[in-house]
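# Prediction below, plus the sequence it came from.
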Amino acid sequence: MKLHDLVPNVGSKKNKKRVGRGISAGQGKTAGRGTKGQGSRSGEGGHAYRQGGNLPFFRRLPFIRGEGFTPPNQVFYNEVNLDQLSQAYKANGEVTPETLEKARLLRDSRNPTVVLGRGEMTIALKIRVHRVSAGAKAKIEKAGGTVELIA
């Protein structure tokens, strides 16, 4: 086989339809656009936001979304309270996101974990989580436990 023997596959190459080139070409005069009306004009179809009399999408948005917008980088935490920890763990137990997941106290294990201060702490626990509220930290340390934050 030589370079001059190469040809494209049958049907892979089609000639572009050249419209408006006379009556014998089959697409002359109105060039397949019909006569009159919006579709016959150049730039047919209006602009991108045109919605045929409806209020355009971009003008409806503030009413749909309410005030402002949803921040794209917000962080959702798994919230765990002290009363839940007191029930699920024994004294000197270690609380980590992994053990919380085994205890079925996390909503979504992919999210970081925060310990909040609802309830009382009666036992000492070693707690390693992403965040702890100030009230929860005080109660944990008062009960003899320790708090370590995960980066």
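Sure thing, it's come through. Residues are numbered from 1 along each chain as shown.
# Quick one: residues contacting residue 128.
Counting by Cβ atoms under 8 Å, 6 or more residues apart in numbering, residue 128 touches 94-96, 148-150. Placement of C-beta: from N, CA and C, glycine included.
# next SSE after the strand or helix carrying it?
Applying DSSP states H and E as the criterion places residue 128 in strand 126-129. Towards the C-terminus, the helix or strand next in line after strand 126-129, according to DSSP H and E, is strand 131-132.
# List the contacts of the helix or strand following that next one.
Later in the chain than strand 131-132, the nearest helix or strand by DSSP H and E is helix 134-142. The contact list for helix 134-142 (Cβ under 8 Å, 6+ apart) reads 81-82, 115-117, 120-121, 125, 127, 132, 146-147.
# from those, which is closest to residue 53?
Comparing these against residue 53 with Cβ to Cβ places residue 116 closest, at 51.5 Å.
# Neighbours of that closest one, how many?
Close neighbours of residue 116, defined as other Cβ atoms under 10 Å, add up to 17.
# for it, phi and psi?
phi -110, psi 160 (degrees, to the nearest 10).
# End to end on stretch 78-86, go ahead and measure it.
With Cα to Cα, to the nearest Å applied, stretch 78-86 spans 17 Å between its terminal residues.
# For it, which residues meet the burial criterion?
Residues of stretch 78-86 classed as buried by neighbour count (16 or more other Cβ atoms under 10 Å): 78-82, 84-85.
# how much space between residue 103 and residue 88?
As judged by Cβ to Cβ, to the nearest Å, residue 103 and residue 88 stand 5 Å apart.
# Repeat that for residue 137.
Distance of residue 137 to residue 88, computed by Cβ to Cβ: 19 Å.
# Next: residue 115.
Taken as Cβ to Cβ, the span from residue 115 to residue 88 is 12 Å.
# which residue ranges form the helices in the protein?
With DSSP state H as the criterion, the chain has helices at 57-65, 82-88, 97-102, 134-142.
# can I get the ones you listed in a markdown table with mean pLDDT and distance to residue 34?
Shown next, in a markdown table, are the helices of the chain (pLDDT from 0 to 100; distance: least, Cβ to Cβ, whole Å):
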| stretch | mean pLDDT | distance to residue 34 |
| --- | --- | --- |
| helix 57-65 | 70 | 29 |
| helix 82-88 | 92 | 70 |
| helix 97-102 | 94 | 65 |
| helix 134-142 | 95 | 73 |
